[in-house]
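Enquirer: Below: sequence and its predicted model.
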Amino acid sequence: MIYLIAILVAAATVFVVMLVLQLIPSDSAVIRRLGDMQRVDGSQAVLVRRRRQERAERLKDILEGLGSRVGEEAATGRRLRLMQAGFVNLNAPYIFQGARVVLALGFGFLLFSAAPILGVPFAGVVLVGAWGVLMGWVLPGFYVGRRIARRQYQMQRSLPDALDLLVVCVEAGLALNQAILRVSEEIANIGPVLGEQLAMVNLEIRAGTGREEALQNLAMRTGVDDIQSFVSMLIQTDRFGTSIADALRIHSEDLRTKRRQEAEEQSAKTAIKMLFPLVFCIFPAMFVVILGAAIIQIVQALSRFG
């Protein structure tokens, strides 16, 4: 039973990864296109790419139609979280909800059908089927949460460098909008996620959105506390007419001080984190090696008197 569940979990994970790769455009799409062009000529490569896009679009339409039946309220509540994960499509909440329904029904039916073949009793069949439904329902949300955490970590790592570049650009005479555009281009090499978000700010400003609103949207899309404080600082500086370069320099120094304090805090926790592996893993093995022979000799000596 345990081995069956482990195998089904692995199969479910592979299926989720394949589904996500079909729904999310990424750098691997470029690699696939290059591979298609190497295997076939130019016209056939276009046909292969077009067929793949059509299959992806059909899958999106099916999931969107299924997810739209859940309700607008549920879709609206998940839109912000999906935006923080990088899914900016307006129909992303419906696709996400449809994926949850499909995976829940698929995994539940798979486990419910496979359990009787292996001789599992009826109570176990129902339990395994319910577990499959729960797993299929939870896995998409788990993936989105992991993606949000990874993107936020990348943005936090590249934010100090972006602030330094922004200070240099502003002190060189560029306006704030042009400085944000320049930083988004330069920071894309080391922090593509942050560069993408800053470029989106510039696009919103060009589209007619006010700079304050565009910056607030940046903080909402990222969900990072440091970016929220950075946006608040820029908005207050713009309102009161103070020097942007001085404010950026002070904020950058404060941010680096905070990073150093967090690193010191993590290093101070190292001793506590090492305590449990030492007590439960290393010390028992050391005791066996050091006292094992002595204990055997003591037991043998006592057995002679018995």
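Expert: Happy to help now that I have it.

Enquirer: Please count neighbours and contacts with C-alpha atoms only from this point.
Expert: OK.

Enquirer: what helices or strands is whichever helix in the chain runs longest leaning on?
Expert: The longest helix of the chain (DSSP state H) is helix 122-171. When contacts are defined as 3 or more CA pairs under 8 Å, 6 or more residues apart in numbering; DSSP states H and E, helix 122-171 packs onto helix 2-23, helix 92-117, helix 176-186, helix 192-206, helix 244-268.

Enquirer: Reformat the ones you listed as TSV; add mean pLDDT and mean neighbour count.
Expert: Output for those, formatted as TSV (pLDDT from 0 to 100; neighbours: other CA atoms under 10 Å):
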stretch	mean pLDDT	mean neighbour count
helix 2-23	51	14
helix 92-117	79	21
helix 176-186	89	19
helix 192-206	90	19
helix 244-268	85	15
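
Enquirer: so can I have a markdown table of those showing distance to Leu134?
Expert: A markdown table is the format used below for the helices and strands packed on helix 122-171 (distance: least, CA to CA, whole Å):
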| stretch | distance to Leu134 |
| --- | --- |
| helix 2-23 | 12 |
| helix 92-117 | 6 |
| helix 176-186 | 41 |
| helix 192-206 | 32 |
| helix 244-268 | 35 |
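
Enquirer: Show me what stretch 255-269 is in contact with.
Expert: Under the criterion CA atoms under 8 Å, 6 or more residues apart in numbering, residues Pro160, Asp226 lie in contact with stretch 255-269.

Enquirer: One more: stretch 146-155?
Expert: Residues from elsewhere that reach stretch 146-155 (CA under 8 Å, 6+ apart): Gln84, Ala85, Gly86, Gly191, Val193, Leu194, Thr222, Gly223, Val224.

Enquirer: what do you get if the cut-off is 7 Å, keeping everything else the same?
Expert: Stretch 146-155 has contacts (CA atoms under 7 Å, 6 or more residues apart in numbering) with Gln84, Ala85, Gly191, Val193, Leu194, Thr222, Val224.

Enquirer: can you pick the most crowded of those residues?
Expert: Leu194 (26 neighbours; other CA atoms under 10 Å).

Enquirer: Distance-wise, check the closest residue to that residue other than its chain neighbours relative to Ile95.
Expert: Spatially, and ignoring its direct neighbours in sequence, Leu194 is nearest to Met155 (5.3 Å; CA to CA, 6 or more residues apart in numbering). Separation of Met155 from Ile95 (CA to CA, to the nearest Å) stands at 26 Å.

Enquirer: Then Ala104?
Expert: For Ala104, the distance to Ile95 - CA to CA - is 14 Å.

Enquirer: try Ala162
Expert: Ala162 is 33 Å from Ile95, by CA to CA.

Enquirer: do the same with Asp254
Expert: Distance of Asp254 to Ile95, given as CA to CA: 41 Å.

Enquirer: Over to Phe280?
Expert: Counting by CA to CA, the gap between Phe280 and Ile95 amounts to 45 Å.

Enquirer: Ala188 too?
Expert: In terms of CA to CA, Ala188 sits 28 Å off from Ile95.

Enquirer: Could you give the separation of stretch 223-234 from the chain centroid?
Expert: Centroid separation for stretch 223-234 versus its chain: 20 Å, with CA atoms, centre = their mean, to the nearest Å.

Enquirer: would you put the C-alpha positions of that stretch in CSV?
Expert: Provided in CSV are the C-alpha atoms of stretch 223-234 (Å, rounded to 0.1, in the frame of the first residue of the first chain):
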residue,chain,number,x,y,z
GLY,A,223,4.4,41.2,-2.6
VAL,A,224,7.9,41.9,-1.2
ASP,A,225,8.1,44.0,1.9
ASP,A,226,11.4,45.7,0.8
ILE,A,227,9.8,46.7,-2.5
GLN,A,228,6.8,48.0,-0.7
SER,A,229,9.0,50.3,1.5
PHE,A,230,10.9,51.3,-1.6
VAL,A,231,7.7,52.3,-3.4
SER,A,232,6.5,54.2,-0.3
MET,A,233,9.7,56.1,-0.2
LEU,A,234,9.5,57.1,-3.9
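
Enquirer: Now it: buried residues?
Expert: In terms of neighbour count (16 or more other CA atoms under 10 Å), stretch 223-234 has its buried residues at Gly223, Val224, Asp226, Ile227, Gln228, Phe230, Val231, Ser232, Met233, Leu234.

Enquirer: Those residues in helices, which ones?
Expert: Those of these mapping onto helices are Asp226, Ile227, Gln228, Phe230, Val231, Ser232, Met233, Leu234, per DSSP H.

Enquirer: and the fifth one, what does it touch?
Expert: Spelled out, it's Val231. Here Val231 is in contact with Leu215, Gln216, Ala219 (criterion: CA under 7 Å, 6+ apart).

Enquirer: thought the last one was touching Ser229?
Expert: No: in this structure Ala219 lies outside contact range of Ser229 using CA atoms under 7 Å: 8.6 Å.
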